[in-house]
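>>> Fold the following.
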Amino acid sequence: MFSSSNLSIIRDGAMGEGMIHAYPAASLDQHQKVAIMHLHRRLFSGFLSFILPLVVGAALPLSASFAESGVTDQKIILGQSAAFSGPAAQLGIQMNAGAKAYFDSVNEQGGVFGRQIEIIKADDKYEADLAAANTKRLIEKDDVFALFGYVGTPTSNAALPIFTQAGVPFFAPVTGAQSLREPLNRQVFNIRASYFDETEHLVEKLANVGIKNIAVFYQNDAYGRAGLEGVQRALKKMNLELVEAATVERNSTDVKGAVSKILPKRPAAIIQISAYASCAAYIKEMRKAGYNGQFYNVSFVGSQALADALGKDGEGVVISQVVPFPWSSSTPVLAEYTKLMQKAGVKEPNFSSLEGFIAAKVFVEGLKRAGKDLTRAKLVKALETINMKNYNGGGFDVNFSGSNHSGSKFVEMTMITKDKKFLN
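Modelled structure (predicted):
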């Protein structure tokens, strides 16, 4: 037996390339000792070439080794599932157009800490199953940093468990449903007022002018039921009762059943909680049937799309809004919106694109506050610091905190004119 201190190693080419053998050091001649020294140098050099990259890699900053999903040195990638085709398409198209106009402006100025903002669009046709599938793909395949500007209650609800489990921020969904507000979900940030806020405002306005005989036409899904609940809550506050309620299926314009159910009750006003295609169909059919009462809608209806669909039947139809009047330039955010939309080639402003624009503006503020080493957790914390005391929204106040992710309660009323425009 030989102790390790008395052993030397030598490569034996005759016994096969790469075979290493041990010999007693005292038995080696000078030529063999020189060969061993060269072999040691080669082995040590090979060892360094193997181990150094591992050592250097381990010493790199965590941000380089463990980059956040959807964030590179050049890009921040967002995902948006919305209706880009089908009966509710204008809601998704306009929301995206407004957001893109603002993001493009930021990108032209160098982005946020040198990163360009990119949105990957996915068409869900305003269907919950498609929204869920899109959400999984955006998170798992496209590896987005955050989800932005989803359109609708059923679609957002379908995405809710997916992005919550993945820890992905869900910013500015176009819905006023309580399911995206209560209980508090730290991933969800709402820019618009809730349906409870909107419907309470509508009912109060009606009651104040002596209209107490109210019916509801609503979409038979989570969105419609959320709006119906809001109306019922508001009526109860004023000791009033709902005269009648009738439904329409999502993405349908078959309103005959709803007409026959509500028309005999002759309500003074009908509050509609649906998308523009079905609401337009219902108004037209009720007018044909001789109904002369008033129609009121919540903002999600898609104001311009509703006005376009109604034509001459739109005069006098009222819509509550959750963003300011986009045809005004009286505030900095509206002036900026008008300028950047025109630059993007969009001549006609509308409420939906303004909502997307405002949402993008607030989101960028969150990115800036999150800092250069961007993570999802840092974005959430940064957004929670935004409030009207330290953020100038240019005429649209946003108030977030650690316990409140519903940033606005802004609601005002508009009316469609005979030429498909709006009065404020």
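
>>> what's near enough to touch the nearest residue to M388 once chain neighbours are set aside?
In space, and not counting its chain neighbours, M388 is closest to D397: 4.4 Å by C-beta to C-beta, 6 or more residues apart in numbering. To be clear about C-beta, it is placed using only N, CA and C from the backbone, and glycine gets the same treatment. D397 makes contacts with 388, 408, 410, as judged by C-beta atoms under 8 Å, 6 or more residues apart in numbering.

>>> these two touch, right, the first one and V398?
Yes - the pair M388 / V398 is scored as a contact, 7.0 Å apart, by C-beta atoms under 8 Å.

>>> What count of nearby residues applies to L423?
Neighbour count for L423, taken as other C-beta atoms under 10 Å: 11.

>>> I'd like the distance between it and D104.
From L423 across to D104, the span is 31 Å (C-beta to C-beta, to the nearest Å).

>>> Walk me through the domains of the protein.
4-59, 75-192+327-408, 195-321 (automatic domain parsing).

>>> closest to E68 out of these?
domain 75-192+327-408 (4.7 Å; C-beta to C-beta).

>>> Endpoint to endpoint, the closest one covers what distance?
29 Å (C-alpha to C-alpha, to the nearest Å).

>>> Which parts of the protein are strands?
7-11, 20-24, 75-82, 116-123, 146-148, 170-171, 188-189, 214-219, 244-248, 269-273, 294-297, 318-321, 412-416, 422-423 (DSSP state E).

>>> First-to-last residue distance for stretch 282-294?
Note: stretch 282-294 ends 12 Å apart using C-alpha to C-alpha.

>>> Low-confidence regions, this protein specifically.
By pLDDT under 70, the low-scoring segments of the chain are 1-66.

>>> Quick one: residues contacting the residue nearest in space to the middle of it.
With distances taken as C-alpha atoms, centre = their mean, the residue of the chain nearest its centroid is F148 (2.1 Å). Going by C-beta under 8 Å, 6+ apart, F148 touches 78-80, 99, 119, 171-172, 359-360, 363.

>>> And the residues you listed, which of them are buried?
78-80, 99, 119, 171-172, 359-360, 363 (16 or more other C-beta atoms under 10 Å).

>>> Closest one to A335 out of those residues, please.
A360 (16.1 Å).

>>> contacting residues around that closest one?
98-103, 148.

>>> Please tell me I have it right and L367 contacts V112.
Yes - here L367 reaches V112: they are 4.5 Å apart, a contact under C-beta under 8 Å.

>>> Overlap in contacts, the two.
Common neighbours of L367 and V112 (C-beta under 8 Å, 6+ apart) are I76.

>>> Now for I273, how many residues are close by?
By other C-beta under 10 Å, neighbour count at I273 equals 31.

>>> That one bridge partners, please.
Y218 (DSSP bridges).

>>> Quick check: it touching D221?
No - judged on C-beta under 8 Å, I273 makes no contact with D221 at a distance of 10.0 Å.
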